[in-house]
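> pasting the structure only:
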């Protein structure tokens, strides 16, 4: 798998290509303001990442120290594309491979706070419900 693309914003990486309409709708949703938050993200749809596991994405990100330029990213997998689904958030820095899910309406809150360093990955993961989905504070 090739290295992850460099983007100006946080990366939303598509790993499921079963529903183009759902992908488009999800990207539009997360790039729409929700309350006080607007996610600063780049949605990337590249079939090279089709069915990529979080471990493979950690390796592609260079989380081993080589060319590691981001600390987290968002993964749009099959679960995220289902109605009512939540996006997978992947830690690439503190505990590479650690995950939780976030509902699309809260993705901007997660992205804004992680990118500014106001909160860390564990803060959101610990605030997620028993199903490991973050729905807000």
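Structure's in. What do you need? Everything numeric here is computed off the predicted structure, so don't read it as measured data.
> show me what the worst-scoring helix or strand of the chain on mean pLDDT is in contact with.
Across the helices and strands of the chain, mean pLDDT, DSSP states H and E gives its lowest value to helix 54-61, namely a mean of 92. Residues from elsewhere that reach helix 54-61, judged by CB atoms under 8 Å, 6 or more residues apart in numbering: 1-4, 13, 15, 49, 52, 68, 70, 73, 75, 88, 90, 92, 96-97, 99. Glycine gets a C-beta too; all of them are placed from N, C-alpha and C.
> I would like the residues contacting the longest helix along the chain, please.
Criterion DSSP state H: the longest helix present in the chain is helix 104-116. Residues outside helix 104-116 that contact it (CB under 8 Å, 6+ apart): 10, 26, 29-30, 33-35, 37-41, 71-72, 74, 86-87, 89, 102, 118-121, 123-124, 134-136.
> re the thing from before, list the buried residues of the least confident helix or strand of the chain.
Neighbour counts over helix 54-61 (16 or more other CB atoms under 10 Å) mark 54, 57, 58, 59, 60, 61 as buried.
> element containing residue 28?
helix 20-30 (DSSP states H and E).
> give the other helices and strands that that helix contacts.
For helix 20-30, the packing partners by 3 or more CB pairs under 8 Å, 6 or more residues apart in numbering; DSSP states H and E come out as strand 10-14, strand 41-44, strand 72-76, helix 78-81, helix 104-116.
> could you count how many residues lie near residue 94?
11 (other CB atoms under 10 Å).
> and the nearest residue to residue 7 once chain neighbours are set aside, how far from residue 109?
The shortest distance from residue 7 to any non-neighbouring residue, by CB to CB, 6 or more residues apart in numbering, is to residue 42 (4.0 Å). Between residue 42 and residue 109 the distance is 18 Å, computed by CB to CB, to the nearest Å.
> alright, that wraps it up for me.
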